[in-house]
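S.K.: I'll drop the sequence and a predicted model, then ask my questions.
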Amino acid sequence: MAAPLKIGLIGTGGISRSHLPVFKDFPDKVKLTAVCDIFEDAAKERAAEAGVDDIYLDYETMLNEADIDAVDICTGHDTHAPIVIAAAKAGKHSLVEKPMGNDMDECRKMIEETDNAGVTLMIAHMLRFSPTTEAVKKLLAEGELGTINAAKIDINMNAVGSLREGHWMLDGKAGGGIGMTNTIHETDIVRYLVGDVKSVTGVKKSISKRLLNGAEDMLCATLEFENGAVGTVMCLWNSPRSPVSQGYTLYGTEGALYSLPTLPIYRGDHFGPVVVSSPTRDTPETAPINRRDGSPSREMKGLEDIMGHFKQLEGGNHGLPSDNCFSNEILHFAECCQTGKEPISSGKAILGSMKLIFGIYEAAATGKTVQLADL
Ligand SMILES: NC(=O)c1ccc[n+]([C@@H]2O[C@H](COP(=O)([O-])OP(=O)(O)OC[C@H]3O[C@@H](n4cnc5c(N)ncnc54)[C@H](O)[C@@H]3O)[C@@H](O)[C@H]2O)c1
């Protein structure tokens, strides 16, 4: 059995806490050996939580001096590319939080540098590692929903109101805005499940006065997939006193499924939308509306007829090592680093998801349909 992969954590803010359980739960696979943050107190706090005493205040020193095989990068968006590139030059593998980089040039450079150095680059799209996604993938492969014709992405959270003034997520220069911060999760997972997107149109607005340098709190887009499916994206970051949502709906020729928001989302355990599918199919005779002539075929029975017949997918790990998607993601990263296997969310696999977000931004800026192949 291979020795555990030795990992250095860079960035000890909010999301880094969700990356810690795997080190306690799977000590034979991964070991946290160093911690780094530009703020000493933040680094010390997380290091104490993880039982690590090798602490750094700059990542270059950590890359040169720490006993690590790889880094887990949990910093703001504009630091992802420089840290991955520095890690590659130091011969270290990188797991980097989403979004991959701040523009397509950065993303391509990250792939080039890690390829040249022969190290693994994986983007931390943890939804790809949730048991729910695994179950949905299986359901789609078995043809339960037939051919997926349409997808709807819906994000609604009052993030602008809950972030402190000047926070980097509110600053377009730092890669802030709802698209890079939240939309990317759902567009990536829908792309993973349905296929690549061919073209997009979009509108982007910055309503809140707290936003800086073009960061947006409203993003609205239409998608056309390579396989002919269509999609919509409606993402709101400035929606006080409205229901919180972050999820997707898939519509197929044989049925539909949708995810339910599971806040608080950063807890890590059981993460992932709860997916509900429609196993009961109406025939022309049993449907409330006759499919042949549109006349009522029977009396409507109430809400169930209007909403459809849905059931919640079974819980459990669905073949993954745990029910914690962050842990599954980090275990997959370790396996790829140690075997040379291409990660499910490698830089190359995620490039299309970055094109999707940057394509929506470009469509919003130009008012034109953007072909993602051109990006
Ligand atoms: N997967 C998810 O569900 C999820 C959720 C939240 C955030 N994220 C992503 O995680 C990343 C971090 O987000 P966050 O909410 O934890 O942000 P945060 O601001 O809470 O934490 C970032 C930390 O990085 C540190 N940092 C900044 N520059 C650094 C540098 N050069 N060297 C070392 N440390 C540095 C900061 O001091 C801070 O402690 C972002 O990419 C974000 O999009 C993912």
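M.R.: On my side now, so go ahead.
S.K.: List the beta-bridge partners for the closest residue to D69 other than its chain neighbours.
M.R.: Leaving aside its chain neighbours, D69 sits nearest to K6 (4.8 Å; criterion: Cβ to Cβ, 6 or more residues apart in numbering). In this view, the C-beta of every residue, glycine as well, is placed from N, C-alpha and C. Bridge pairing for K6 (DSSP bridges) gives the partners K31.
S.K.: K6 and I189, how far apart?
M.R.: As defined by Cβ to Cβ, to the nearest Å, K6 lies at a distance of 30 Å from I189.
S.K.: Who has more neighbours out of the two?
M.R.: Using other Cβ atoms under 10 Å, the more surrounded residue of K6 and I189 is I189, with 26 against 17.
S.K.: hang on, the earlier thing: what sits against the residue nearest to D69?
M.R.: The contact partners of K6, by Cβ atoms under 8 Å, 6 or more residues apart in numbering, come to 31, 33, 67-70.
S.K.: Now for the residue in the stretch 1-150 of the chain that the ligand sits nearest to, how many residues are close by?
M.R.: Of all residues in the stretch 1-150 of the chain, G13 sits closest to the ligand, at 1.8 Å by Cβ to the nearest ligand atom. If you count neighbours by other Cβ under 10 Å, G13 ends up with 14.
S.K.: Now do the same contact list for it.
M.R.: Shown in contact with G13 (Cβ under 8 Å, 6+ apart): 37, 42, 74-75.
S.K.: How is it assigned, secondary-structure-wise?
M.R.: coil (DSSP: H, G, I helix; E, B strand; the rest coil).
S.K.: Name the residues that touch the lengthiest helix in the chain?
M.R.: Determined from DSSP state H, the single longest helix within the chain is helix 347-366. Residues outside helix 347-366 that contact it (Cβ under 8 Å, 6+ apart) are 98-101, 103-104, 107-108, 110-111, 114, 121-123, 125, 179-180, 183-184, 187-188, 191, 196-197, 199-204, 219, 221, 223, 233, 342-343, 369-370, 372, 375.
S.K.: So which of those residues reach the ligand?
M.R.: By Cβ under 6 Å from any ligand atom, the members of these lying near the ligand are K98.
S.K.: Which of the contacts of helix 347-366 fall in strands?
M.R.: Judged by DSSP state E, the contacts of helix 347-366 include 121-123, 197, 199-204, 219, 221, 223, 233, 370 as members of strands.
S.K.: Can I have the buried ones of these as a ChimeraX selection?
M.R.: In ChimeraX, a selection of the buried entries from the ones in strands among the contacts of helix 347-366 looks like this (16 or more other Cβ atoms under 10 Å):
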select :121,122,123,197,199,200,201,202,204,219,221,223,233,370
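S.K.: Considering the ones in strands among the contacts of helix 347-366, which is situated nearest to the ligand?
M.R.: Nearest member of the ones in strands among the contacts of helix 347-366 to the ligand, counting by Cβ to the nearest ligand atom, is I123, at 9.9 Å.
S.K.: And the nearest residue to the closest one once chain neighbours are set aside, how far from N238?
M.R.: Counting by Cβ to Cβ, 6+ apart, I123 lies nearest to I350, which is 4.4 Å off, once chain neighbours are set aside. Distance of I350 to N238, given as Cβ to Cβ: 27 Å.
S.K.: more neighbours, these two?
M.R.: I350 (30 against 21).
S.K.: any idea how far the more buried one is from G176?
M.R.: Applying Cβ to Cβ to I350 and G176 gives a distance of 19 Å.
S.K.: Over to K31?
M.R.: 33 Å.
S.K.: neighbour-wise, which of these two wins?
M.R.: G176 (25 against 18).
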